[in-house]
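Colleague: Attaching a predicted model along with its sequence, questions to come.
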Amino acid sequence: MYRHEKTFYNKTGIFLRVKANDPDLKKKVSEANAYKVNYVGMEFSLDGFAVEADGDLASAVKQIRSISKLPLIIIGTDPVVLEAALSTITDEQTLIYAADASNSEALAGIAKKYKASLVCKAETLEALADLTQKLQAVGVDDLVLDLGGKNMAEWLTLATQTRRLAIKNNYRPLGFPTIFFAGQVGPEKEAVYAAQAISKYTGFLVLDTFAPEMIYALLVLRENIYTDPQKPIQVQPGIYEINSPKPESPVLITTNFSITYFSVANEVESSGLPAWLVVTDAEGMSVLTAWAAGKFDAERIAKAIKGFDVANKVSRKRIVLPGHVAVLSGELEEELSGWEIRVGPREAVDLPAFMKQALN
């Protein structure tokens, strides 16, 4: 599969592992549940929690449910403990971790009773395939695979093998999502392991560490992998107010490519300088790309200025073009009679200095 031709679907779910006997369980869950971050107009957050049964699992599940409605993975080996926890959340689908050769029959019965999904694990891929077939034979079809692996290279080999067997050879016993625990080698390598897991087929990623800086990077990585490569991330064309602009504030022009928009908007906003930002419809392309493709020209800019009724919002008709398309200034003067056309800097980072020195 070529990244520039195809789109990946079914994003990796990112879960945070907590422990049932943790005295700070509620605090940790509350902090993680509240975590939200904005990236080029999209809001990211964690996808759920994985709670480990090293204490009263049922009580821990109730505590989590009093704070968060995010999906749960319950981790344990005792069927009685797992069933007690599941009985507190009968109206939702939960993922049980994990069935092996020793407990598969008991956990299969619980999974069927509570309509839960079930993780399978075994020492080898052959044994894992036998286990999934055994579980399917008793009516448990919603399965997830724990491939094991002692290190990153071994896990990657197993992940690649199962994916190829399932897709290329149509080997259905291994054609299920996988789960990976990124903290298995300690916090110092957790981000590296997690990044590889997202990049290489993991369906469920479980983190041990709630570090906003790490989670943000992983969420952005996931979004970049699962974004349609032929459809850039866009913002809505329109006129945006930055720092409460006044009628005499300048009008800045850019395209609706999200990274371009947020680069410009963030630089101006952080400077504290007021401005009107007109975002033209360039089909999600950056300034130079759109100009080269004929999607960002004087006619389109003039159409946006008129369509968004900018003239009635300002007292001083002054437009700042991106420096990369200075060539459009003459044509734009013809399209917008009575407007002063200024050529701004090439890079967004230079906008605040330009606005202070050239527009006052």
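Modeller: Looks like it arrived, so ask away.
Colleague: got any ranges where this structure has weak pLDDT?
Modeller: Residue ranges of the chain with pLDDT under 70: 1-5, 360.
Colleague: Can you give me the domain boundaries for it?
Modeller: 13-226, 238-358 (automatic domain parsing).
Colleague: how many neighbours does Val192 have?
Modeller: Val192 is flanked by 12 other residues according to other C-beta atoms under 10 Å. For the C-beta atoms, the positions are set from N, CA and C on the backbone; glycine is no exception.
Colleague: Nearest residue to it in space, please, no chain neighbours.
Modeller: Leaving aside its sequence neighbours, Val192 sits nearest to Met152 (C-beta to C-beta, 6 or more residues apart in numbering; 7.3 Å).
Colleague: Please tell me how far that neighbour sits from Gln184.
Modeller: 10 Å (C-beta to C-beta, to the nearest Å).
Colleague: from the middle of its chain, how far away would stretch 336-355 be?
Modeller: With C-alpha atoms, centre = their mean, to the nearest Å as the basis, stretch 336-355 stands 33 Å off its chain's centre.
Colleague: Give me the common contacts of Met152 and Gln184.
Modeller: Tyr193 (C-beta atoms under 8 Å, 6 or more residues apart in numbering).
Colleague: The stretch 101-250 of the chain: strands as residue ranges?
Modeller: Under the criterion DSSP state E, counting those that start in this stretch, the stretch 101-250 of the chain contains strands at 117-121, 143-146, 178-181, 204-207, 238-242.
Colleague: Determine which of those strands approaches Val325 most closely.
Modeller: If you check each of the strands of the stretch 101-250 of the chain against Val325 by C-beta to C-beta, strand 238-242 wins as the nearest, at 19.0 Å.
Colleague: helices or strands next to the closest one in the packing?
Modeller: If contacts are counted by 3 or more C-beta pairs under 8 Å, 6 or more residues apart in numbering; DSSP states H and E, strand 238-242 sits against helix 258-271, strand 275-280.
Colleague: Most tightly packed of these?
Modeller: strand 275-280 (a mean of 23; mean count of other C-beta atoms under 10 Å).
Colleague: any idea how far Ile305 is from the residue nearest to Val192?
Modeller: Distance from Met152 to Ile305, by C-beta to C-beta: 53 Å.
Colleague: between those two, who's got more neighbours?
Modeller: Between Met152 and Ile305, counting by other C-beta under 10 Å, Ile305 is the more crowded of the two (22 against 17).
Colleague: Can you give the distance of the helix or strand hosting the more buried one from its chain's centre?
Modeller: For Ile305, the enclosing helix or strand under DSSP states H and E is helix 298-307. Distance, stretch centre to chain centre, for helix 298-307: 34 Å (C-alpha atoms, centre = their mean).
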